[in-house]
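Peer 1: Let's see this in three dimensions:
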Amino acid sequence: MSDEELDAFLHEQRTLICATIGRDGAPHVMPLWYLVRDGDIWAWTYAASQKVRNLERDPRATLAVEAGERYEELRGVMLATEAVIEHDPDFVAALGLALYERYIQGAELPAAVRASIAKQAPKRVALRFVEYDRSSWDHRKLAAEQ
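Peer 2: Residues are numbered from 1 along each chain as shown. You can find the predicted model right below:
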């Protein structure tokens, strides 16, 4: 995919798969909601989660986002990243609000949801995934090449 196609794809999709490296060297793979800001992928999660513990030891993470049901529809991206962990509760709360606004898609967040996000923020962290390599594919283009 071109940079423009990849940007559009990442804005369309809703869940990424995040692979971190466990203490024993085995992959630890989990889904995350995310958003794209200034070219970086951001997510939030609980500070005590296994993926955060893994990233504290080794900040490398591989992210995968994919779409399609049939072979000729498959498209996606795999991003090699280095994670930066942000702990500031105000920053984390603002990111949490932005995530919920993205997933609720334009609806005004109820006060109870805003309060819940603010209450969770001190227990959570923001994860910024800084890309250093990528592989993408779009099988929809295969038919055009034949």
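Peer 1: So which residue is dead centre in the protein?
Peer 2: Centroid-nearest residue in the chain, with Cα atoms, centre = their mean: Tyr34, separated by 3.8 Å.
Peer 1: hang on, isn't that one packed against Thr45?
Peer 2: No. The criterion here is Cβ atoms under 8 Å, and Tyr34 misses it with Thr45 at 10.6 Å. Backbone N, C-alpha and C define where each C-beta goes, glycine included.
Peer 1: Let me know the secondary structure of Gly25.
Peer 2: Assigned by DSSP: H, G, I helix; E, B strand; the rest coil, the conformation of Gly25 is coil.
Peer 1: Please state the backbone phi and psi of it?
Peer 2: The phi/psi pair for Gly25 (degrees, to the nearest 10) reads phi 90, psi -10.
Peer 1: The one 5 residues further on too?
Peer 2: Backbone dihedrals for Met30, given as degrees, to the nearest 10, come out at phi -140, psi 150.
Peer 1: For it, grab the count of nearby residues.
Peer 2: 14 (other Cβ atoms under 10 Å).
Peer 1: And the pLDDT at Ala94?
Peer 2: In this model, Ala94 is scored at 93, pLDDT.
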